[in-house]
Structures are given as C-alpha cells and as structure tokens.
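1. for reference, the sequence and a predicted model appear below.
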Amino acid sequence: APGRVNVIGEHTDYNEGFVFPMCLELGTVVVGGRVPSGPCRLYSASKDLEFTFDLDNVKAIAEDEKGEWTSYIRGAVAKFMEGYEEETKTKLPPTSFVGVIVGNIPCGGGVSSSASLEVAVMTFVEELFNYRFEEDKKARLCQAAEREFADVPCGIMDQLISVKGKHGSALFVDCRSLETVAVPLGSGDMKVLVTNSMVKHDLHGSEYPARVRQCKESLEAIKKHFGVEKAFLRDVSKEEVEEAFKAGHMSDLAYKRALHVVTENQRTQEAMRACKNKDWTSLGRLMNESHDSLRDNYQVSCPELDALVDMARSMEGVLGSRMTGAGFGGCIVSLVRESSVDRVKEELTRGY
C-alpha cells in the first residue's frame, strides 16, 4: 500500500470537500501466511517490535491501546472482521497467522504512513481469507479503524488514495460521493518534488482535532445566520462566509478557518482543471495560494515548512510550492520543471 503526497486540497476531506493527492513510490508491505495454531503474530521491521492477538479479542485490545501505534494494525484487522461479518452474515473461521510488516514511509512526515499501514494490513487479511471488499468500502473501513482505534478524526483522503491511486497520476476526489478522476501528473517535463522538513507532526495532539471542531463551530455560525441547513463547509460559498462574519455571527478565528476551507475547495477544483490542460503556471499559483491560506488562515504551518517553501519559490524552475498533509511539520510539495529538479534538490538541501 503506497503513501501519498497531496498536491492541493488540505483540511477539506473531513469537510466533505475536494482533494487532489497522488501516490508516492514509498509504501508498506505485509508478508506472511496462516499457521496451524497459536495466536496471531505480527512483527514490524521498522519498530523491531512483535505483538500478538487472537481474532476473538483483537477489537478489545485495540480499544484498550487506543492511540498507540499498534492500534492502527489491530484496528484494521478488527474492521476487516466487522466488514466481513456485515457482508457475509457469518463469523470468520478461527484462524492463526504470522506476518512481517516492512515500510519505508517516514513516520510523522505528513505523507500518510498510517493510512498506508492500515491499507496494507487490510490487504494482507483480505488475501488470507480470500475475501476482498469493493475499493470504496475498503477505504471507509480503514478510515474507521483510524478514527475509532487511533483516535484521529481523519477524513477519507489518505485511505482512498492508498487503495485507488494510480502510478503517474494525481487523483481528484470528491470526498462526499467518493467519485474520482485520475489526471496524469509527474511525467514529462513537470515533476512533483517532495521535501521532508524532518519536523515530525503528531495528529494525536490537540491541534488537528481542534481544527475539526473549529470547522463545525464555523458551520453552526453560518447556519444560524442564514437560517438554513448545511451539512458541511463544502456546502458554503465564500460570499456566505463573508456575510456571516460581517454580520457579527462569526469570531475572527471561525472566519479564518471557514475562509480557508471554502477557498481551498475552489482552488482544488481549479487545480484539477489546470492539470488536465497542462496549465502548469496556474497549478503552481494555486499551490502557492494554498500554502499562504494554510499558514495565515488555518494556521497549521510552522517556521521550518515556511522556510522550505520560501526557498523553493525563489528558485528557477519552481512553479509553486506548499506544505502538504495536516501540517505542524512534515513535508512540502513543489511543482518543478524536470530540467531543474537536481539543482533544486541540491539547493534546498544545502539551504535548509
């Protein structure tokens, strides 16, 4: 299961908006098989950690260790069982298995090591039991594993791109309908360059859940002002945000959060069209605008990310650059002419 970089569309997925991620050539692999008896055993090569469980208690253990690294794995197994039993109306047969987990995605880098882990484990268990979910259902189950057992109120983007991503394309995703459009990107004379700040973020902390809560509060203020029902900020226009704020129904903070989400949805749709038309100048401009909004309105950047973005933007051959992922650390993504990639990598490494 691959990791991902999000070209544009940040903090929109849990608002049922639009995102535009693409797969990385980094990922997670699970190798193993059935054994005659004993507990299920999985070994993580990167953590040098082995842990065990039985299928009949995997959900209880995952709930007890909520937020721990192993909860992603046990949670994915528990959600496979739940989905299997829901669809087949039967219990999984008693089974023992062993497996090894190997991955090369940097943890805390904002490139979806957690979703890759969940999807890889889910795929492994699918193969063990020769039962495969429809792709959207599989992504939903992996998202539920992260929400319920890792205690992260994530959207659907990371799991969906890990399940459905195609090599050489970005995937435009409507996070409400889960409709997708694959658009070629990263081949030819334009490259997507990912640069790791080496500042690790932690989605279990207070900032990410706080942004989710602030979006809900912003939406409630808008609904109160207009007296109409709206399900998510995806259903709100920039003009409505401006009007509710001017009428005094939104705090400065709520206004900034809502303004980012509604304009980011617009930018993401424009970016998909620009990419289809190979209008790289417009795509780069939209990426720059996205970062500025994430820094100023959503306030999820950090000095290291801003420094990398500023350096990248100043370099010849870079058309746009922005932070990618949830923020608070992690990586930036830049749109770079192929002829400039090696020089930009060298200058960013030296300058940072």
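-> Arrived safely, thanks for sending. Predicted model only: the values in this text are computed from it and were never measured. Residues are numbered from 1 along each chain as shown.
2. which other helices and strands does the lowest-mean-pLDDT helix or strand in the chain contact?
-> Ranked by mean pLDDT, DSSP states H and E, the helix or strand of the chain with the weakest confidence is helix 58-64, at a mean of 84. Judged by 3 or more C-beta pairs under 8 Å, 6 or more residues apart in numbering; DSSP states H and E, helix 58-64 is in contact with helix 69-88, helix 135-149. The C-beta positions use only the backbone N, C-alpha and C, and glycine is treated the same way.
3. which of the helices or strands spans the spatially closest residue to T88 that is not a sequence neighbour?
-> Of all residues not flanking T88 in the chain, Y131 sits nearest, at 7.6 Å (C-beta to C-beta, 6 or more residues apart in numbering). Counting by DSSP states H and E, no helix or strand carries Y131.
4. Y131 and Y84 touch, don't they?
-> Yes: applying C-beta atoms under 8 Å, one finds Y131 in contact with Y84, separated by 5.9 Å.
5. tell me the pLDDT at Y208?
-> Per-residue confidence at Y208 stands at 88 (pLDDT).
6. any idea which residue sits dead centre in this structure?
-> Residue closest to the average C-alpha location in the chain (C-alpha atoms, centre = their mean): D158, at 3.4 Å.
7. phi first, then psi, for it.
-> Main-chain dihedrals, D158, degrees, to the nearest 10: phi -60, psi -40.
8. not counting sequence-adjacent ones, nearest residue to it?
-> A115 (3.5 Å).
9. now swap in V7 and tell me
-> F20 (4.7 Å).
10. for that neighbour, pull up the helix or strand it's in.
-> Element membership of F20, judged by DSSP H and E, is strand 18-35.
11. and that strand with helix 69-88, angle?
-> Inter-element angle recorded for strand 18-35 and helix 69-88: 90 degrees (by axes from the mean of the first three to the mean of the last three C-alpha atoms, to 10 degrees).
12. check which element follows strand 18-35 along the chain.
-> Next in sequence after strand 18-35, counting helices and strands by DSSP H and E, comes strand 40-44.
13. elements contacting the longest helix that the chain contains?
-> Among the segments of the chain that qualify as a helix by DSSP state H, the longest is helix 252-276. When contacts are defined as 3+ C-beta pairs under 8 Å, 6+ apart, helix 252-276 sits against strand 2-8, strand 18-35, strand 169-174, strand 180-184, helix 207-226, helix 238-246, helix 280-296.
14. which residues belonging to that helix are considered buried?
-> 254-265, 267-272, 274-275 (16 or more other C-beta atoms under 10 Å).
15. can you list the domain ranges for the protein.
-> Following automatic domain parsing, the chain resolves into domains at 2-184, 190-351.
16. what does the least confident helix or strand of the chain contact?
-> C40, F53, T70, S71, R74, G75, V77, A78, M81, E82, E148, F149 (C-beta atoms under 8 Å, 6 or more residues apart in numbering).
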